[in-house]
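K.L.:
here's a sequence, model it:
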Amino acid sequence: MQPVLRSWSCAVLFSIIYSFTGHAQQDSIQNNYSKLEQLTPFIDSVTRAGMEEHKIPGAIIAIISDSSEVYYQGYGYANVETKKPVDKDSTLFRIASITKTFTALAALQLVEAGKLDLDVDIRTYLPDDDFDFLNDTPITLHQLLTHTAGFDLTDTGDAALSAKEAKSIEKMARRHMPNRVHEPGSVYSYSNFGYTLVGYLIQAVSGIPYEEYMIQNALKPLGMNQTGIHQPLPEHLQKYLSRSYEWDDGQKRLIRDYTNTLPGGGIISSAGDMVRYIRMHLNEGMLDSVQLLSSEGHRQLTSAKYGSKRTKYSICYAFYENRWTGRRSIEHSGGQLGFVSLMILIPETGTGIFIAQNNRKNAGGFRYDVARAVLDTLVGKIELNIPPLVPPENFDAIADNYVGVYKQMDYPKSTFEKAIRLFGQFSTEYKIQYVGDGRLETYGDMYVQVDDHIFQLDSPKSTYKLSFDVDETGKAQRLNIGVSSYERISWWEKKRVQQMFLFLSLVILLILFFSRPIYWLYRKLRKKEARKFSRECSRVRNWIYWTGSFLIMGALGIIVNFAVYRDQLADYGVPWSFKLVLVLCTIGFGLSLLFPYFLWKNWRLISFSKSRRWINTLFILASIIVSVIYAIYRLIGFQYYN
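P.N.:
Sure, this is the predicted structure:
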């Protein structure tokens, strides 16, 4: 039996054992401690097997039971080259976007102190109007904390390769915020930049730098002495920072960058310190005798704020709702080059777990697999037994109002990053079909209407729901699932349709691109003279060739750049190689605008045979399709954030 299979068999065995011993929270602290102690071999087994499967060099894990009892451990190597082991107390890992929960906590502290208000225009707290993102539409702290302020989704310029290149929080807030592309409060769109703006508000109203505020009002009171937020890290912490890697027939070291969105992802911490942070949350803002936030303030921080109606998968302030073990849970994950992390809290049972690792490539599932195995075994999974749902009468009459294809609304809109939708990212589509018998179907799951425009998964094991927003005629225009929204689209907006047209057109242009050098080589080998064309015919042929060539070279350049840089294409700013690609696309697009004239010429010139005219027309249509798609996906000109 393979190690992974042994681990999951162990998980099943522990689940069976604890189903007989009971899953209720124990009154005895010693019993809880004994439970964690008994689970230690299981936790170690699952963690080590997962690390081996996913080629992870080092990881830390921390588990809290009954809000106070603790197990935490380090595994593997912090430095593969020197075989330096991960130490559970001292080794530091980047927690990445889990930092947002710290920033939200700090913002709520200032709300309680009366220095910030969640629902007023944030320009109230800005020292002047010299901020590029400001316009006539106000945004609020509430919207920033729930990722609904309307900012475009982007990663461009959110990182730097040295402390010297890193931008200050104030400079980011004033000059480097992305465009506002949604009406505030209307669409969830995850934004590191939005949380950077929250960090600026914190330092603006507190009168001290964001980093100092976090140290004085969160890290130091909690005793998180092995946690850093400054860039660069102080020397006494730097030596404990784990290296990060990716697996490529061996562990390949990654040189970690600096972040320009510090309040959204800059904290570096240890397993022991994260234990203290999680315990504070499980005790509603208090750790031992230290009160960081009142109980009421903490409930405000961790209660649902935005999401599909009654789905139990909403966003709080920074935290996201989920249903780990079948109970309400709140969580946040993180990911930076070579590091990923996950923090889950189950308030009902006083349970929390934190996992961080120093390899990201193809290894993101490790943290979720381990968390699921540990939590299901530690507190037991609640198995639901929901009675069969009964569809409403006469649903047939309104079913067509919901039928259609809905596409993800939170995606890059204003920059070339929109092109990643062609590669399948930020392009999730839901095809809603009516299968009769009062049920809607999507991805093989059946849903039954349980309230006005609200549908529940037809399963005895789940209360998962989705909802629709309808227009004045009752026709659904938007699908809501958890925090995400999906807009109704036409057939030509479907990802597969656009990919098919683009692929076929690029194949045609690729044939055109290689046709001349191949024909030239053929003539050289056969020692044949080139065919003579009139000046007008040559002009048409040259326009067709060079328009298609610039467009296909742009496409090849896009593919090469995405293959080389992957998800780090513009994190440090747009590389010159991609700027050259944009030049090629723009030249090709500019030439394609002349297509009416050359299409007319193509069919007017008697020198072209009928078959040649049709071939030329095919090349022209392919160029038009590619040019239109380039324009749709912001690949014309220099459309990116500086």
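K.L.:
all strands of the stretch 351-500 of the chain, in order?
P.N.:
Using DSSP state E, counting those that start in this stretch, the strands of the stretch 351-500 of the chain run over 351-357, 404-408, 429-434, 439-442, 445-451, 454-457, 465-470, 476-481, 484-488.
K.L.:
need the winner for burial among the ones you listed.
P.N.:
strand 351-357 (a mean of 29; mean count of other C-beta atoms under 10 Å). Where you see a C-beta, it was placed from the backbone N, CA and C, and this is true even at glycine.
K.L.:
neighbouring strands - and their directions - for it?
P.N.:
Sheet pairing of strand 351-357 (DSSP bridges) gives strand 58-65 (antiparallel), strand 339-346 (antiparallel).
K.L.:
hmm, H332 and T101 touching each other?
P.N.:
Yes - with contact defined as C-beta atoms under 8 Å, T101 reaches H332; the gap is 5.3 Å.
K.L.:
out of the strands paired with strand 351-357, indicate the one that is most buried.
P.N.:
Among these, ranked by average contacts under mean count of other C-beta under 10 Å, first place goes to strand 58-65 (a mean of 27).
K.L.:
can you list the domains in this structure?
P.N.:
Per the record, the chain has its domains at 93-370, 395-489, 498-632, by automatic domain parsing.
K.L.:
format the ones you listed as TSV; extra columns: mean pLDDT.
P.N.:
Shown next, in TSV, are the domains of the chain (pLDDT from 0 to 100):
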stretch	mean pLDDT
domain 93-370	95
domain 395-489	95
domain 498-632	94
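K.L.:
relative to S45, which of these is closest?
P.N.:
S45 sits nearest to domain 93-370 of all the domains of the chain, at 10.5 Å, using C-beta to C-beta.
K.L.:
what distance separates the start and the end of that closest one?
P.N.:
18 Å (C-alpha to C-alpha, to the nearest Å).
K.L.:
mean neighbour count, the domains of the chain: which tops it?
P.N.:
Most buried among the domains of the chain, counting by mean count of other C-beta under 10 Å: domain 93-370, with a mean of 20.
K.L.:
whichever strand or helix holds R523 packs against which elements?
P.N.:
Secondary structure assigned from DSSP states H and E places R523 in helix 495-526. For helix 495-526, the packing partners by 3 or more C-beta pairs under 8 Å, 6 or more residues apart in numbering; DSSP states H and E come out as helix 535-565, helix 610-632.
K.L.:
could you find the closest non-adjacent residue to R539?
P.N.:
K601 (7.7 Å; C-beta to C-beta, 6 or more residues apart in numbering).
K.L.:
about what we covered before: show me whatever sits in contact with both of T101 and H332.
P.N.:
Here T101 and H332 have A318, F319, M343 as joint contacts, going by C-beta atoms under 8 Å, 6 or more residues apart in numbering.
K.L.:
quick check: bridge partners of the last one?
P.N.:
When bridges are taken as DSSP bridges, the partners of M343 come out as H332, F354.
K.L.:
okay, it and V70: tell me how far apart.
P.N.:
Distance of M343 to V70, given as C-beta to C-beta, to the nearest Å: 14 Å.
K.L.:
do R566 as well
P.N.:
In terms of C-beta to C-beta, R566 sits 37 Å off from V70.
K.L.:
and if you look at G548?
P.N.:
Going from G548 to V70 by C-beta to C-beta gives 64 Å.
K.L.:
any chance you could map the strands in the stretch 51-200 of the chain?
P.N.:
58-65, 69-79, 84-85, 93-94, 159-160.
K.L.:
so the longest one versus strand 351-357, what angle?
P.N.:
Read it as strand 69-79. Relative orientation of strand 69-79 versus strand 351-357 (axes from the mean of the first three to the mean of the last three C-alpha atoms, to 10 degrees): 0 degrees.
K.L.:
in its sheet, what does strand 69-79 sit against?
P.N.:
Strand 69-79 has the following strand partners under DSSP bridges: strand 58-65 (antiparallel), strand 84-85 (antiparallel).
K.L.:
show me which positions of that strand end up buried.
P.N.:
Residues of strand 69-79 classed as buried by neighbour count (16 or more other C-beta atoms under 10 Å): E69, V70, Y71, Y72, Q73, G74, Y75, G76, Y77, A78, N79.
K.L.:
among those residues, which one lies nearest to D152?
P.N.:
Nearest member of those to D152, counting by C-beta to C-beta, is A78, at 36.7 Å.
K.L.:
and the nearest residue to A304 once chain neighbours are set aside, what does it touch?
P.N.:
In this structure, A304 finds its nearest non-sequential neighbour in S314, 3.8 Å apart by C-beta to C-beta, 6+ apart. Residues near S314 by C-beta under 8 Å, 6+ apart: A304, K305, Y306, G307, S308, Y320, E321, G482, V483.
K.L.:
if we use 7 Å, what do you get?
P.N.:
A304, K305, Y306, G307, E321, V483 (C-beta atoms under 7 Å, 6 or more residues apart in numbering).
K.L.:
same deal with T154?
P.N.:
By C-beta under 7 Å, 6+ apart, the residues touching T154 are P178, P412, T415, E417, Y641.
K.L.:
phi, psi for the residue lying closest to it once chain neighbours are set aside please.
P.N.:
Nearest non-adjacent residue to T154, counting by C-beta to C-beta, 6+ apart: P178, 4.8 Å away. The phi/psi pair for P178 (degrees, to the nearest 10) reads phi -70, psi 170.
K.L.:
just checking, P178 touches Y641?
P.N.:
Yes - using C-beta atoms under 7 Å, P178 makes contact with Y641 at a distance of 5.7 Å.
K.L.:
adding distance to N385, write the domains of the chain out as JSON lines.
P.N.:
As requested, those are exported to JSON lines (distance: least, C-beta to C-beta, whole Å):
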{"stretch": "domain 93-370", "distance to N385": "11"}
{"stretch": "domain 395-489", "distance to N385": "6"}
{"stretch": "domain 498-632", "distance to N385": "42"}
